[in-house]
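Engineer: below is the sequence, then the predicted model.
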Amino acid sequence: MLYEKFEKHWKIWLWIPIILLILSVGVIANNIFTTGSFMERDIELTGGKSITFGISSADVDAIKSELPYASVHVTSGVGKNLIIEASVDRNEDEIIAAVSRHASVIGSPTVRTVGPSIGNIFFQQTQIALILAFVLMAVTVFILFRSVIPSLIVILAATADIVITIAVLSILGVTLSLAVIAALLMVIGYSVDTNMVLTSELLKGRGSVSSGIKRAMKTGLTMTSTIFVALVAMYFLSGSLIIEQIALVLIIATLFDAPTTWMTNAGVLRYWLKKRGRE
Amino acid sequence: MNTGMKMALFMAVLALTIAGALFLPSTPVILLGVVVLFFVIVPRDMLKNIRMIIWFAFIFLSIALISFNYNASGFSVTSIDKNSAVTNIAAGEIIYKINDVPVTADALSQQYFGTIKLDTNRGPKFVRANGTLGIEAEEVPSSSLSFGLDLKGGVRAVLEANSTDNATLDQIISTLQTRINIYGLREAVFRPVYHEGKGFVEISIAGGNKDELRALLENQGNFEAKITIAPRVSSGTGTIRLEKNHNFTVSNGSIIVGGKTVNEKESFVIDGIPFVLDTVSDKVNMTATVFNSDDIKTVFFDPQRSRIEIEQGGYRWSFSIQLSQNGAQKFAWITNNLEVVPGTGYLSAPIVLYLDNNLVDSLSISSGLKGRVETEIQISGSSETRDDAIKERAQLQSILRSGALPTSVEIVQLDTISPTLGTSFLMNAALAGFVALIGVIVVVGTRYRRPKIVLPMIIISSSEILIILGIASMIGWTIDLPAIAGIIATIGSGINSQIMIIDQALRGEQATTMKEKLKNAFFTIFGAGGTVIAAMIPLMIIGFGLLRGFAITTIIGVLVGILVVRPAFGEIVKRIVKE
């Protein structure tokens, strides 16, 4: 019943993710103009110092006022971590002393120092890897479907998911770290999952297009909500910045993957099949 | 047997297995447990199904490979200090008790005086201690899985070398490895990385700290080469032939040379060469220091002067060094005092190499070099394999360079990872995983409302984690944060695939056979898996650290999923739908 209501206006729904995508491209273009990179980079990719403390409690405001030059982040989770990031030339002992005054620290902290030159190299390498990953993914999809429009749809959907996710992340102030890049690559996988369910259902399935979409959507939304629930648990409980970042990226991506798949892609495939004489 | 009874039996066997694993030898108990569980839950007629057998074989082998050992005790020795009082224990041995008290980390770092008793896996050993024991040890692990630095703490650095060619990076690594061997530093793992013409070396020292890394990078030794001569003594007098002939007389276990009385173990200098008098009996042995670091001008690495050649029964390596004029002269004088051993082509004593007074190697001297002033000399040796030849040559080359690095290096990344954070991370990850599992059960349960569908999903996904870990321990892959992220990614896409299979199988159409329905699902699963692997390959090849580990784990996970686990799940679902 809900589905019938949704289906009635499919020509309107189709445009919503497209508008989102255009807005996201705008956000990313703005990032490139203002910072020179598609998303603000974390110290891992620019060089800097990051110090991670295991804490039981902390006065974050006091730490922030004592260390105005550093960024302070506290993870959720049972065993909380407090992460301080600063430029390479800052003295880590000073930071450790300041944090120890205002927080009950458990054990010794983890200190990471990344030189600016290697940060840049990481960034270049990952950009190359991302582009290559995309090309290889596209080739694989073409080999699988051997049909231009359906392949393009799957590829464009993955692109749209990544672009929208990057835009939302940069609006939320998340910086681009290696963990975020890993998660963005996972987005390709999850996005291809749902889109392949839709596309192969419509290309190979029997029966009407409408019932095919409905069936695919039921499967796809079960997949999305299962992953979503697991990710939310990861986000709130892991207490590790890396897992927290990966979970956040994938939460955003799965949230926006649903509309791109079931509104735009389903709509475009419907058009395409209609032109070939299937209803 | 009905489903309820089966469930009860399943739970009972599971509980028994877990309890047994904690108190009895863990791996056999768990192996027995999974075999029983397999027979409890799998219907008779599916036992011969090839996909189920493959799946089960992977589970069984993985458990054997991970070899759980929850009731492990004792500490395994990782390294022993150069000046440690413990000389009768080697790295790798396990210490269970000190003075009949079970060993703890504190007990190992405590001070001891007098004779103490150590119970080890090679029987009881007695040590005369005077202060701390001077050994490093870590708790015997509860499985053969190796955990990464970010989970157990340690130090990791990336060095940028001031050079772009591969040979230099290999040279840096072998020099650092030589220092570890000679100075008894903590074991480190090295990995060369090239990027756009720049060379990097990634160093990880598990359990180490910043000071240990610094010691490794800055420790430059003092090199000396010594030759022991035994001048012939007749009727109480003998001659050392150097620039001039120096006569000496023997009296009462000491010698008189150049008007000075020298006792055993005392040193003296003649013609600018330092000697130590070793022994005086019917023969006189004395050791001359022929060169030190300053005398070795160049160690050659170029292919003309540093070679590996095939010879009968192995490989012959060789390289040349350039000596100072003074060093070459001293070498010529000293070798004049040696004799040619008939039939061997070598002189009667070898040249012995020391780094910071540690004996590191000894080389036979070719008879042709006796008494000759040669500034360029060749050093060679034989090894059984090519790799050994390269390794041996590199070690000797770095010793002759006094353990100096071939080029200046800069630390471009330095991580010191706290061991406490790693442990708490594992606890949190386990908790997060458990809650995520409950979330998955709730969502899937609401959708399908049948425990018969939900339970296999959980079992299948758990077996997937187990098999990935099994493969990790087989190939010696380290479990670290990126690997855990990769496992999470694969389990997620695995659950996606399982939902696809169930939905396809449950379709009501009578027109399509079950075989075709599953074929459709598997087309999507293989396709999605293939795309993920395609996307991960570039990351696996380029990129270091986090992303590479993540990509490799994800690829392993996806392969396990589509080749082993999902086919078995397909069979299970087929069976469930039939009922």
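Structural biologist: Nice, I can see it.
Engineer: contacting residues around residue B:525?
Structural biologist: Shown in contact with residue B:525 (Cβ atoms under 8 Å, 6 or more residues apart in numbering or on different chains): B:497, B:500, B:501, B:562, B:566. Every C-beta, even on glycine, is put in place using the N, C-alpha and C of the backbone.
Engineer: who wins for neighbours among the residues you listed?
Structural biologist: residue B:500 (29 neighbours; other Cβ atoms under 10 Å in any protein chain shown).
Engineer: quick one: low-confidence parts of chain A?
Structural biologist: A:1, A:77-79, A:205-206, A:278-279 (pLDDT under 70).
Engineer: go ahead and flag the most central residue of it.
Structural biologist: Residue closest to the average C-alpha location in chain A (Cα atoms, centre = their mean): residue A:249, at 3.1 Å.
Engineer: could you do chain B as well?
Structural biologist: The residue lying closest to the centre of chain B (Cα atoms, centre = their mean) is residue B:189, at 6.2 Å.
Engineer: tell me which residues touch the spatially closest residue to it that is not a sequence neighbour, please.
Structural biologist: What sits nearest to residue B:189 in space, not counting adjacent residues and going by Cβ to Cβ, 6 or more residues apart in numbering or on different chains, is residue B:204, at 4.7 Å. Residue B:204 sits next to B:149, B:154, B:155, B:156, B:188, B:189 when contact means Cβ under 8 Å, 6+ apart.
Engineer: excluding chain neighbours, what is closest to the second one?
Structural biologist: By that I understand residue B:154. In this structure, residue B:154 finds its nearest non-sequential neighbour in residue B:206, 4.4 Å apart by Cβ to Cβ, 6+ apart.
Engineer: is the one you found in contact with residue B:152, as I believe?
Structural biologist: Yes: the criterion here is Cβ atoms under 8 Å, and residue B:206 meets it with residue B:152 at 6.3 Å.
Engineer: of the two, who's got more company?
Structural biologist: Remark: of residue B:206 and residue B:152, residue B:206 carries more neighbours, 23 against 20, as counted by other Cβ under 10 Å.
Engineer: what residues go with each domain of chain A?
Structural biologist: What automatic domain parsing lists as the domains of chain A is A:2-41+A:117-275, A:48-114.
Engineer: for chain B, find the nearest of those.
Structural biologist: Closest of those to chain B is domain A:48-114, at 2.7 Å (criterion: Cβ to the nearest Cβ).
Engineer: how long is that closest one end to end?
Structural biologist: 5 Å (Cα to Cα, to the nearest Å).
Engineer: tell me the pLDDT of residue B:510.
Structural biologist: Looking at residue B:510, its pLDDT is 64.
Engineer: apologies, that question was intended for residue B:568.
Structural biologist: Looking at residue B:568, the pLDDT reads 93.
Engineer: is the helix or strand hosting it anywhere near chain A?
Structural biologist: Applying DSSP states H and E as the criterion places residue B:568 in helix B:566-578. No: Helix B:566-578 lies out of reach of chain A by Cβ under 8 Å from any Cβ of the partner chain, never closer than 13.0 Å.
Engineer: related to what we said a few turns ago, you'd agree the residue nearest to the centre of chain A is up against residue A:166?
Structural biologist: No: applying Cβ under 8 Å as the test, residue A:249 and residue A:166 come out as separate, 9.1 Å apart.
Engineer: who touches both of the two?
Structural biologist: Common contacts of residue A:249 and residue A:166, defined by Cβ under 8 Å, 6+ apart, comprise residue A:184.
Engineer: just the contacts of residue B:525 now: which is nearest residue B:437?
Structural biologist: Distance to residue B:437, by Cβ to Cβ, is smallest for residue B:497 among these, at 17.0 Å.
Engineer: the helix or strand hosting residue A:224 - contacts with which helices or strands?
Structural biologist: In this assignment (DSSP H and E), residue A:224 forms part of helix A:209-237. Using 3 or more Cβ pairs under 8 Å, 6 or more residues apart in numbering or on different chains; DSSP states H and E, the elements in contact with helix A:209-237 are helix A:2-8, helix A:178-204, helix A:241-259, helix A:266-275, helix B:419-448, helix B:481-506.
Engineer: for chain A, what is the nearest residue in the stretch 1-150 of chain B?
Structural biologist: Closest contact between the stretch 1-150 of chain B and chain A, by Cβ to the nearest Cβ, is at residue B:150 (7.9 Å).
Engineer: what's the distance between the closest residue to chain A within chain B and residue B:105?
Structural biologist: Proximity of chain B to chain A (Cβ to the nearest Cβ) peaks at residue B:420, 2.7 Å away. According to Cβ to Cβ, to the nearest Å, residue B:420 and residue B:105 sit 13 Å apart.
Engineer: show me where the stretch 101-250 of chain B has its helices.
Structural biologist: B:105-109, B:149-152, B:166-183, B:210-218 (DSSP state H, counting those that start in this stretch).
Engineer: count the residues that sit near residue A:272.
Structural biologist: Residues near residue A:272, counting by other Cβ under 10 Å: 16.
Engineer: can you list the domains in chain B?
Structural biologist: B:75-140, B:154-221+B:408-417, B:227-385, B:419-579.
Engineer: ends of the shortest one, what's the gap?
Structural biologist: Looking at domain B:75-140, the gap from its leading to its trailing residue is 5 Å under the measure Cα to Cα.
Engineer: what's the spacing between residue B:44 and residue A:143?
Structural biologist: Look at residue B:44 and residue A:143: by Cβ to Cβ, they are 41 Å apart.
Engineer: compare those two (neighbour count), which wins?
Structural biologist: More neighbours surround residue A:143 than the other of residue B:44 and residue A:143, with 13 against 7 (other Cβ under 10 Å).
Engineer: my guess is that one is in a helix, correct?
Structural biologist: Yes: Residue A:143 sits within a helix when classified using DSSP: H, G, I helix; E, B strand; the rest coil.
Engineer: how near is it to residue B:523?
Structural biologist: In terms of Cβ to Cβ, residue A:143 sits 12 Å off from residue B:523.
Engineer: cool, residue B:58 as well?
Structural biologist: As judged by Cβ to Cβ, residue B:58 and residue B:523 stand 23 Å apart.
Engineer: residue B:473 too?
Structural biologist: For residue B:473 relative to residue B:523 (Cβ to Cβ), the value is 33 Å.
Engineer: could you do residue B:316 as well?
Structural biologist: Distance from residue B:316 to residue B:523, by Cβ to Cβ: 58 Å.
Engineer: quick one: contacts for residue B:457?
Structural biologist: Taking Cβ under 8 Å, 6+ apart as the criterion, residue B:457 is in contact with B:440, B:444, B:495, B:498, B:502, B:569.
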